[in-house]
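Colleague: Got a predicted structure here, sequence first:
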Amino acid sequence: MSNNDVSIKNHLKPYYEGMKRNHLGPLWYDLGHMVTNEPVTDVQPYLWKWKMIREYVLKAGELLKPGKDAERRVVYLQNPSLLKHGLVGYGTHTLYAGIQLLLPGECAPSHHHSQSAIRFIIEGSGAYTAVNGEKTYMERGDMVLTPAWTWHEHKHEGTEPVFWLDGLDVGLVRTLAASFFEPYEEESYPMEAPENYSTKQFSMGAFKKLNERKNPGYPSPIYGYKFDRVKYLLDEMKKEDQDPFDGYAIEYINPLTGGSADSRIGTMMQRLEPGMQTKAHRHVHSAIYHVLEGEGYTIIDGQKFEWEKGDFFILPPWSCHEHVNTGSSDVYLFSFNDKPVMEKLELEFSEPYGENDGHQIIEKVFDPDHEQVDTI
Ligand code: GTQ
């Protein structure tokens with residue numbers, strides 16, 4: 001830098017300081033921070049062990065009662081990289097995951113909100129979620145929708161504790177400043193439809209009663225997506241149906257639109273055969289994964305995340321990832337994501353990892369024992 005440049009800089013100092021005081025900024029310095037070449041994110045990958053989560057959720061079963069001490073008995077997954085920014089309850093910048101526990105006889109009262117929610121059943125049976133007055137019974141591996149604004153409540157008529165995953169678009173709705181919540185005036189919304197009606201209506205084909213009105217697309221006419229159907233489809237898939245990046249994979253859809261089951265939260269199940277390793281790619285959408293069955297690992301941006309049945313992990317936006325099944329039986333990975341939003345906003349984009357025959361080199365191994373120290 002010449003003397004001349006320094007004196008120009010000094011000369012302009014009052015100009016830049018004045019700009020700042022008046023809450024203005026020079027785009028010629030900052031454009032590169034605003035309109036970046038590629039997605040920039042604070043979201044880091046993370047993994048939680050089911051054993052550890054389960055202990056904390058069970059303890060909550062002793063501490064409080066839903067509908068009495070709390071609206072819902074839920075322990076949520078807090079991504080540490082986002083808590084730094086004060087983002088409480090964030091798994092990714094758009095998605096939230098919580099583990100809900102209902103004990104026999106308990107009821108989580110009816111309410112509705114502008115967030116969309118999906119449930120994925122982890123353990124136990126005999127509980128239902130009622131959506132707009134229709135009971136949908138929940139069994140392990142089922143996915144249940146409670147789309148934005150639908151009235152929903154949970155009740156347990158069985159004998160064992162029931163655990164399920166709640167997936168909501170909390171971060172997205174918060175960023176858009178569009179959160180609304182309202183409890184129903186009574187514990188229960190009137191039961192208007194026969195049990196499991198929407199699930200049955202589409203389980204053997206697609207039928208409706210004569211004169212029954214169906215909304216022309218939203219929300220999905222199905223609330224309960226059964227795991228036995230998902231498993232059947234995945235197990236039937238042939239070698240040529242394999243996706244190089246996701247293995248055998250299906251998405252849950254709304255049969256009226258052909259789009260995702262929930263209009264904002266995407267849901268997917270993947271099957272990986274023993275020894276299978278997918279190729280790495282990255283995409284704009286982010287996801288939260290739950291291991292329904294099996295063991296293996298996922299490499300995310302060069303870091304190895306080892307998982308087994310029940311574990312959860314975060315897939316940040318635009319992070320390179322590939323999955324490996326290291327066990328002797330099939331792996332089933334459930335995940336939910338913000339892909340429908342990215343697609344609607346014309347922001348979705350993906351690309352394969354171009355080097356090393358599509359596989360990343362492991363540079364680091366995530367150590368949950370180091371990260372999750374203080375168990376009860
Ligand atoms: O069950 O309705 O984990 O409203 C977070 C917000 C569950 C629910 C959560 C909710 C619910």
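Modeller: Sure, I can see it.

Colleague: burial count for E212?
Modeller: For E212, the count of nearby residues is 10 (other Cβ atoms under 10 Å). No exception for glycine: its C-beta is placed from N, CA and C like everyone else's.

Colleague: quick one: it is in a helix?
Modeller: No - E212 is assigned coil when assessed by DSSP: H, G, I helix; E, B strand; the rest coil, not a helix.

Colleague: Would you mind measuring from G25 to Y223?
Modeller: 48 Å (Cβ to Cβ, to the nearest Å).

Colleague: Between the two, tell me which one has more neighbours.
Modeller: Set side by side, G25 and Y223 show more neighbours around Y223, with 27 against 12, by other Cβ under 10 Å.

Colleague: Now do the contacts for that one.
Modeller: Y223 is in contact with 129, 131, 134, 136, 144-146, 198-199, counting by Cβ atoms under 8 Å, 6 or more residues apart in numbering.

Colleague: one more time with 6 Å
Modeller: Contacts for Y223 (Cβ atoms under 6 Å, 6 or more residues apart in numbering) come out as 131, 136, 144-145, 198.

Colleague: can you pull the contacts of R264?
Modeller: 116, 169, 340-341 are the contacts of R264 under Cβ under 6 Å, 6+ apart.

Colleague: who wins for neighbours among those?
Modeller: Tallying neighbours with other Cβ under 10 Å puts D169 at the head of the contacts of R264, with 26 neighbours.

Colleague: Which residues of the protein lie near the ligand?
Modeller: Within the chain, the positions near the ligand by Cβ under 6 Å from any ligand atom are 72, 74, 98, 100, 108, 113, 117, 152, 166, 168.

Colleague: Turn those into CSV, columns for neighbour count.
Modeller: Formatted as CSV, these follow (neighbours: other Cβ atoms under 10 Å):
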residue, neighbour count
R72, 15
V74, 20
G98, 20
Q100, 23
A108, 23
H113, 19
A117, 24
H152, 26
D166, 19
L168, 25
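
Colleague: Tell me which of the residues you listed fall in helices.
Modeller: Counting by DSSP state H, the residues of the chain next to the ligand place none of their members in helices.

Colleague: Which residue would be the closest one in the stretch 1-150 of the chain to the ligand?
Modeller: G98 (3.3 Å; Cβ to the nearest ligand atom).

Colleague: who does that residue bridge with?
Modeller: Assessed by DSSP bridges, G98 has beta-bridge partners Y76, D166.

Colleague: buried ones in the longest helix along the chain?
Modeller: Criterion DSSP H: the longest helix present in the chain is helix 3-21. Within helix 3-21, no residue counts as buried by 16 or more other Cβ atoms under 10 Å.

Colleague: Give me the contact list for the very next helix or strand once past that helix.
Modeller: Towards the C-terminus, the helix or strand next in line after helix 3-21, according to DSSP states H and E, is helix 27-34. For helix 27-34, there are no external contacting residues (Cβ under 6 Å, 6+ apart).

Colleague: Helix 27-34 to helix 3-21, inter-axis angle?
Modeller: 70 degrees (axes from the mean of the first three to the mean of the last three Cα atoms, to 10 degrees).

Colleague: what packs against the next helix or strand after helix 27-34?
Modeller: Counting by DSSP H and E, the next helix or strand C-terminal to helix 27-34 is strand 47-48. Packing partners of strand 47-48 (3 or more Cβ pairs under 6 Å, 6 or more residues apart in numbering; DSSP states H and E): none among the helices and strands.

Colleague: so what strands line up beside strand 47-48?
Modeller: Applying DSSP bridges, strand 47-48 is found paired with strand 312-315 (antiparallel).

Colleague: and P340, what are its phi and psi?
Modeller: Torsion angles at P340 (phi, psi; degrees, to the nearest 10) stand at phi -60, psi -40.

Colleague: before we move on, the earlier item: what does the average pLDDT come to for the longest helix of the chain?
Modeller: On average, the pLDDT along helix 3-21 is 84.
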